[in-house]
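1. just to be clear, the model below is a prediction. Sequence and coordinates:
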Amino acid sequence: MLKSLITFVQKHLRLIIGIVVVFVLLYTLTPLGGTVWHLPLGKKDKEGEEIPAAEKKQVSRSFTASGNIEASQKASLHFLTAGKVVWIGVKKGDSVFAGQALASLDVTELQASHRQAEQDFIAAKAEVEKVYDETGRKVDENLAEKVKRTSAEAKQNKAFDQMKKIEKQIQDSTLVSPINGVVTDISLVVGENIGTAETIEIVDPSSFYFKAEVDETDFAKVFLGQKVKIMLDAFRGEVFNGKVSFIGNKTEVTSSGFSFVPVEIEIDSSKKLIEGLTGEA
């Protein structure tokens with residue numbers, strides 16, 4: 001019988017070895033990519049405890065960066081010249097659209113100056129036409145004729161420039177919103193004479209994003225499109241989804257001297273957010 005067994009083993013040696021190899025591989029298999037498998041084979045350990053059932057775990061790395069909510073679309077508007085505020089057409093909290101007039105200064109004196117500039121330009125233009133008529137616009141004009149012509153043309157050009165300068169001042173006497181958004185602050189008061197420091201602040205809520213201050217040691221772990229979980233201090237216990245939309249090209253420094261890489265994260269939220277909210281990503 002022993003001889004028959006030996007003959008059987010010799011005849012089926014390759015098959016037996018293959019079965020043993022498969023058995024070992026099935027018992028413990030750890031493929032690449034961080035995924036670890038433990039397959040149950042109905043075994044018990046030395047203490048008689050059952051071996052745990054099959055389990056799959058994904059090994060991942062994460063890190064945290066603090067930051068705050070900011071807006072990519074915002075504007076701080078102020079008049080370019082001093083003057084008296086005669087009209088304000090919005091208040092804090094109002095929604096505005098791009099191109100909408102928001103406030104204006106008194107332009108009475110500017111309008112008078114513009115009328116005078118127009119008259120000066122008309123007179124200078126007439127003088128140039130007179131010179132042209134007298135000289136017949138000769139190609140071979142003498143020195144005196146050339147001096148008279150160029151003087152008249154220079155006077156006309158100066159009058160034209162002055163007229164356009166005042167037109168620009170009148171245009172700048174009205175503040176116009178450059179973006180769609182919401183008025184967040186107004187430091188103008190109707191009837192007051194102001195300088196150029198007073199402003200109207202506008203923010204576009206649809207452009208809010210989370211600006212994360214990523215430590216230099218974690219910079220290499222960040223990539224565009226990367227999924228992010230965001231926790232805001234104003235919404236305890238809630239987690240917002242986001243993804244990396246921009247990675248800074250240079251480091252910035254906080255007021256305390258901490259160096260970081262600015263990373264912008266698009267945030268998916270139905271909550272009402274405001275600029276400046278702090279949190280972690």
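-> Arrived safely.

2. helix, strand, or coil at Phe79?
-> Assigned state for Phe79: coil (three-state reduction, DSSP: H, G, I helix; E, B strand; the rest coil).

3. poorly predicted segments of this protein, please.
-> 1-18, 20-60, 136-138 (pLDDT under 70).

4. quick check: longest helix in it by residues?
-> Among the segments of the chain that qualify as a helix by DSSP state H, the longest is helix 143-172.

5. immediately after that helix, which helix or strand?
-> strand 174-176 (DSSP states H and E).

6. list the pairing partners of that next one within its sheet, with orientation.
-> Within its sheet, and counting by DSSP bridges, strand 174-176 is paired with strand 101-105 (antiparallel).

7. report the buried residues of the longest helix of the chain.
-> If you call a residue buried by 16 or more other CB atoms under 10 Å, then helix 143-172 has these buried ones: 148-149, 152-153, 155-156, 159-160, 162-163, 166, 169, 172. (C-beta placed from N, C-alpha, C; glycine too.)

8. do stretch 181-201 as well
-> Neighbour counts using 16+ other CB under 10 Å place 181-184, 186, 188, 194, 198-201 of stretch 181-201 among the buried residues.

9. repeat for stretch 261-278
-> Quick answer for stretch 261-278 (16+ other CB under 10 Å): 261-265, 267, 269, 273, 277.

10. any idea how far that stretch is from the middle of the chain?
-> Distance of stretch 261-278 from the chain centroid (CA atoms, centre = their mean, to the nearest Å) equals 11 Å.

11. who touches stretch 246-256?
-> Residues outside stretch 246-256 that contact it (CB atoms under 8 Å, 6 or more residues apart in numbering): 213, 216, 222-224, 259-264.

12. out of those residues, which comes closest to Val107?
-> Relative to Val107, the closest of those is Glu264; by CB to CB it sits at 41.2 Å.

13. so that closest one makes contact with Ser245?
-> Yes - with contacts counted by CB atoms under 8 Å, Glu264 reaches Ser245, the gap being 5.2 Å.

14. quickly list what's touching both of the two.
-> Common neighbours of Glu264 and Ser245, counting by CB under 8 Å, 6+ apart, are Tyr209.

15. quick one, strands of the stretch 1-150 of the chain?
-> Listed in chain order, the strands of the stretch 1-150 of the chain (DSSP state E, counting those that start in this stretch) span 28-29, 35-38, 55-58, 66-71, 74-77, 83-88, 95-96, 101-105.

16. residues in contact with the longest strand along the chain: which ones?
-> What stands out as the longest strand in the chain, according to DSSP state E, is strand 259-268. Strand 259-268 has contacts (CB under 8 Å, 6+ apart) with 65, 67, 69, 72, 208-216, 219, 222, 228, 230, 240-248, 251-254, 273, 281.

17. in strands, which of the residues you listed appear?
-> Per DSSP E, those map to strands at 67, 69, 208-215, 228, 230, 240-247, 252-253.

18. out of everything not next to it in sequence, what's closest to Arg149?
-> Val131 (5.1 Å; CB to CB, 6 or more residues apart in numbering).

19. tell me the contacts of the one you found?
-> Val131 makes contacts with 148-149, 152, as judged by CB under 8 Å, 6+ apart.

20. 10 Å instead?
-> The neighbours of Val131, taking CB atoms under 10 Å, 6 or more residues apart in numbering as the test, are 137, 145, 148-153.

21. now do Asp161
-> 117, 121.

22. what about Val139, how many residues nearby?
-> 5 (other CB atoms under 10 Å).

23. likewise for the one 3 residues further on?
-> For Asn142, the count of nearby residues is 10 (other CB under 10 Å).

24. hang on, Ser206 in a helix?
-> Yes - inclusion of Ser206 in a helix is indicated when three-state DSSP is applied.

25. residues near it, how many?
-> 10.
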